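Peer 1: predicted coordinates and the sequence they were generated for:
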Amino acid sequence: MRLLSLTYPAALILASACEQAPSLAPAVNSPDGAPPSFSTANGPDNAGRVVRFEAAVFLTEYPDRDLVVRHYNAEDIDFCGGSTSGLESWAFQDVLTPGAVVELAQSGEIPVYVYRFSEVPPFVAEELPPEVLLEVCADLKEKWIYRGTHHFRSHDNDLFGDPTRANAFGFTAEGTVFDRAGGKHAYRESLVFVWDPRTGRVIRESPVLSIK
C-alpha cells in the first residue's frame, strides 16, 4: 500500500489529471502486473473505507455516511484548469529494511474539502467528456459542505505489498474546517488498515472521520 508524495512513491508521481475509479478499493494487483504506485493499489477488492490515490491527488471515502473527503485544493486543481497540482507541501521518506520498504509521509498545511458522496462522487477526469468535466469541476467549487486546511501524516509498513506478510497502512489528519455558514469546526481523520495479501482478508480496518 502507499500514500501520496508522502506517499506517492518516488517513481510514482504519475500523470496527474484524475481522481479515482468508483470502486471502494483498487484491485489486488495492477492490471499490467506492475508494482503498485503510491496508494493502497494492491488492496483487496472488498475493502470498505480506504485511502485511494491517483496521480497527484487523493481522497478518502465514507459512502455509508454519504461523505467524501478531498485532500487537495478542489477549487484550483490543475485538471479543472487551476494552478495547483496537489503535490504542494508534501514530503516522504522510504526506509529500506531487509523485509520491506517502509514509507513515511507528511504534508505541510494543505487544503481539505468535504462533499456529499452522492453529489460529487469519485471520478477519473481524463475519462470524462469535456462537457461533463466542466460540470464536475463546477460541483467541486460549489457543492462542498466543509472546507479548510489540515496536516496529514501516513505510515506504510510495506510499500509494495509482500504477499508473504501482512500489510499495514495508517494515517492521521488534523485541521480546521468551515461550513457554508462560516461556522468553524475541528477536523480529524484517521485510518488503521491491515490486510493479508495472500487471501485478501481484512484483518483490521478502523476509519475515523470527526468534524465537530
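Peer 2: Done, it's in.

Peer 1: G161: neighbour count?
Peer 2: Residue crowding around G161 was assessed by other C-beta atoms under 10 Å; the count is 22. Bear in mind the C-beta positions are built from the backbone N, C-alpha and C, glycine included.

Peer 1: my read: it touches N167, true?
Peer 2: Yes - A contact is recorded between G161 and N167 when judged using C-beta atoms under 8 Å, the distance being 5.2 Å.

Peer 1: any idea how far V112 lies from G170?
Peer 2: According to C-beta to C-beta, to the nearest Å, V112 stands 18 Å off from G170.

Peer 1: if you could redo that for I145, that was the one I meant.
Peer 2: 26 Å.

Peer 1: those two: who's more crowded?
Peer 2: Using other C-beta under 10 Å as the criterion, I145 and G170 rank with G170 on top: 19 against 15.

Peer 1: can you pull the contacts of the nearest residue to the more buried one once chain neighbours are set aside?
Peer 2: With sequence-adjacent residues excluded and distances taken as C-beta to C-beta, 6 or more residues apart in numbering, G170 is closest to V192, at 4.6 Å. With contact set as C-beta atoms under 8 Å, 6 or more residues apart in numbering, V192 has these partners: A168, G170, R204, E205, S206.

Peer 1: kindly report the same for I110.
Peer 2: The neighbours of I110, taking C-beta under 8 Å, 6+ apart as the test, are H71, Y72, N73, E88, S89, W90, T149, H150, H151, F152.

Peer 1: after the helix or strand harbouring the last one, next one along is what?
Peer 2: Spelled out, that is F152. When elements are assigned from DSSP states H and E, F152 belongs to strand 146-156. For strand 146-156, the succeeding helix or strand toward the C-terminus, using DSSP H and E, is strand 167-179.

Peer 1: show me where the chain has helices.
Peer 2: Assignment of helices within the chain using DSSP state H yields the ranges 130-142.

Peer 1: can you pull out the strands in it?
Peer 2: Secondary structure of the chain (DSSP state E): strands at 51-54, 57-62, 67-70, 90-96, 101-107, 110-116, 146-156, 167-179, 184-195, 202-211.
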